[in-house]
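1. Could you work out the structure for the sequence below:
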Amino acid sequence: MNIKPIKTEKDYQKALIRLEKIFNSRPGTPGGDELDILALLIERYEDEHYPIEAPDPIEAIKFRMEQMGYKQKDLEMIIGYKGHVSEILNRKRKLTLEMVRNLHEKLNIPLNALIQTY
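-> Below you'll find the model as predicted:
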């Protein structure tokens, strides 16, 4: 096992190739230990160089609706009036604190996604 920090894109590409080769290593073996360490190094490099930002609140709501097979009408009990649902999904009305709480509670949308600026 010859593991070094991932500092460049070239190092990153080499690490991905190595990870692919040892991907099926069993835990508790030297290959499994290398896999664990290499995965951590790759994750750290990706977090620094390819960060994934939280979606804006409306996209998070629409995504969850799609996952759950919800229509706009299904959000009325969570957000309120039919007109409010439409205005929010069309970005004409902002979410209120109560709406954010309800969406988090009832649709399990992370709070940090719901409080983003949009």
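
2. Which helix or which strand is home to Ile58?
-> In the assignment (DSSP states H and E), Ile58 maps to helix 57-68.

3. what helices or strands is that helix leaning on?
-> Counting contacts by 3 or more C-beta pairs under 8 Å, 6 or more residues apart in numbering; DSSP states H and E, helix 57-68 is packed against helix 72-79, helix 82-89, helix 97-107, helix 111-114. Yep, even glycine has a C-beta here, placed from its N, CA and C like the rest.

4. out of the ones you listed, nearest to Asn24?
-> Checking the helices and strands packed on helix 57-68 against Asn24 by C-beta to C-beta gives helix 111-114 as the closest, at 34.1 Å.

5. Who are the packing partners of that closest one?
-> helix 57-68, helix 97-107.

6. tell me the mean pLDDT for that helix?
-> For helix 111-114, mean pLDDT is 92.

7. which other residues reach it?
-> Identification of contacts with helix 111-114 by C-beta atoms under 8 Å, 6 or more residues apart in numbering yields 54-57, 60-61, 95, 100, 103-104.
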